[in-house]
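K.L.:
Mind folding the following:
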Amino acid sequence: MNDPRPIHPVVLCGGSGTRLWPVSRKTRPKPFLPLIGDTTLFEQAVGRVAGDARFGAPIVVAGAQHTDLIEAQIGPAREHRLIVEPMGRNTAPAIALAAALLPPDDIMLVCPSDHHIADEAEFRAAAVAAAALAQDNWMVSFGIAATHPETGYGYLHRGEELPGGFQIARFVEKPDLERAKAYLASGEYSWNGGIFAFRAGALLDELKAHRPEMAELVAKAVAEGSDDGSRFYPASEPFAAIDGDSIDYAVMENTGRAAMVPADMGWSDIGNWAALQDAMEQDADGNSVRGTADLVDCRNVMASSDGPRVSAVGLEDVCIVVSGDEVLVTTRDGAQIVGKLPGAVNQ
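P.N.:
Take a look at the predicted model:
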């Protein structure tokens, strides 16, 4: 990448993380918790490119209910800009807000705030490759190296080769297990990890072409918004009128310039307790412990407690979570539906 201007990390802080209930709660959701290591997923997201001159200060897009958490965790010494959404409207409007506040030729690196990436050097290398493609007006997604036949992710089918990446031949929705196994065996498919690079002006042009009403309302929300220097507040009325949509549906699956860069960087979306266990350190029997726990004759068990001791005997493929006054016990397979439990829903 020859452009001397820095790549702008755009960190999205949406969602409630209810599948990680009872630890993740509406008042302090998943991004702001130290689930892996001593720092939170949000702190890891903004720190991943810190100190690297190729990247600029982070732009954080979030709701008003989490601004204090963001300011506390990002720290007063770190330069940043915070876009405060009046309400959630999914990822396409959130990304468009950031694009509208940047010069058209600047490059955005769009990152969720709640993912885990083990290899940060590989992440930065993929980001630079993606930025180079974005300069040529490609809409670039990170193609995450698939390590197992996962049915919970969308997939990207690799197409024609490009400098530093590939065209995306097609987007594939979450497959059943047999198709996921076939995708993995072919070597032609990657997971769609929700990390993107765009030239700001090109992204807005694509949005105008495929979601013209959304593009118009975002532009109006920015034009009528207010700025206090470090925080930007889009105007509520036009933003509330947006019919929310994800960036995948609004732009990526409609554009003729969808591209991907391969990224093998130890990625996980930490989407549920089983995914968190997979990203944690494990003993010889596949068990993972956070807090105080005794696991006897257990295999592939995760135990997490913020206080009381957890004792388990003879269990397999189970997650046990104690948080405050709540206790969760689920099989690994059942972890996908934790967010539908009454305790998670009725907060």
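
K.L.:
CA atoms for contacts and neighbours, from now on please.
P.N.:
OK.

K.L.:
burial measure for Asp227, as a count.
P.N.:
Applying other C-alpha atoms under 10 Å, we find 12 residues neighbouring Asp227.

K.L.:
Let me see the contact set for the closest residue to it other than its chain neighbours.
P.N.:
Using C-alpha to C-alpha, 6 or more residues apart in numbering and skipping the chain neighbours, the partner closest in space to Asp227 is Tyr233 (6.2 Å). By C-alpha atoms under 8 Å, 6 or more residues apart in numbering, the contact set of Tyr233 is Ile83, Val84, Glu85, Pro86, Gly225, Ser226, Asp227.

K.L.:
Okay, and which of these map to strands?
P.N.:
Ile83, Val84, Glu85, Ser226, Asp227 (DSSP state E).

K.L.:
Buried members of the residues you listed into PyMOL, please.
P.N.:
Only the buried entries of those go into this PyMOL selection, using 16 or more other C-alpha atoms under 10 Å:
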select buried, resi 83+84+85
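
K.L.:
Can you give me the distance of the residue nearest to Asp227 to Val61?
P.N.:
From Tyr233 across to Val61, the span is 10 Å (C-alpha to C-alpha, to the nearest Å).

K.L.:
Now for these two: what residues contact both?
P.N.:
Listed as contacting both Tyr233 and Val61 by C-alpha under 8 Å, 6+ apart are Ile83, Val84, Glu85.

K.L.:
any chance of these in CSV, plus pLDDT?
P.N.:
Shown next, in CSV, are the shared contacts of Tyr233 and Val61 (pLDDT from 0 to 100):
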residue, pLDDT
Ile83, 98
Val84, 97
Glu85, 97
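
K.L.:
Dump those residues to CSV, plus distance to Arg5.
P.N.:
As requested, these are arranged in CSV below (distance: C-alpha to C-alpha, whole Å):
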residue, distance to Arg5
Ile83, 21
Val84, 25
Glu85, 27
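
K.L.:
which one of the contacts of Tyr233 sits closest to Arg54?
P.N.:
Comparing the contacts of Tyr233 against Arg54 with C-alpha to C-alpha picks out Ile83 as the nearest, at 22.2 Å.

K.L.:
what's near enough to touch that closest one?
P.N.:
Ile83 neighbours (C-alpha under 8 Å, 6+ apart): Ile59, Val60, Val61, Ala62, Leu97, Ala98, Arg231, Phe232, Tyr233, Pro234.

K.L.:
Check Val140 too.
P.N.:
Taking C-alpha under 8 Å, 6+ apart as the criterion, Val140 is in contact with Ala130, Leu133, Ala134, Phe196, Ala197, Phe198, Ala258, Ala259, Met260, Val261.

K.L.:
Could I get the full set of helices for this protein?
P.N.:
Ranges of helices in the chain, per DSSP state H, are 41-47, 67-74, 91-100, 120-135, 177-186, 200-210, 212-223, 236-240, 247, 273-279, 342-345.

K.L.:
separation between the residue positioned nearest the centre of the chain and Gln282?
P.N.:
The centre of the chain sits closest to Pro112, judged by C-alpha atoms, centre = their mean, with a distance of 2.7 Å. Taking C-alpha to C-alpha as the measure, Pro112 falls 26 Å from Gln282.

K.L.:
And for Ala185?
P.N.:
Ala185 sits 27 Å away from Gln282, going by C-alpha to C-alpha.

K.L.:
in its sheet, what does the longest strand along the chain sit against?
P.N.:
Using DSSP E, we find that the single longest strand of the chain is strand 189-199. Take DSSP bridges as the rule and strand 189-199 pairs in its sheet with strand 107-112 (antiparallel), strand 139-144 (antiparallel), strand 155-162 (antiparallel).

K.L.:
got the contact list for Arg78?
P.N.:
Per C-alpha under 8 Å, 6+ apart, neighbours of Arg78: Ala57.

K.L.:
Model confidence at it, what's the number?
P.N.:
Note for Arg78: predicted pLDDT of 79.

K.L.:
and if you look at Gly37?
P.N.:
Taking Gly37 on its own, its pLDDT is 89.

K.L.:
got the angle for the longest strand of the chain vs helix 91-100?
P.N.:
On the basis of axes from the mean of the first three to the mean of the last three C-alpha atoms, to 10 degrees, strand 189-199 is oriented at 30 degrees to helix 91-100.
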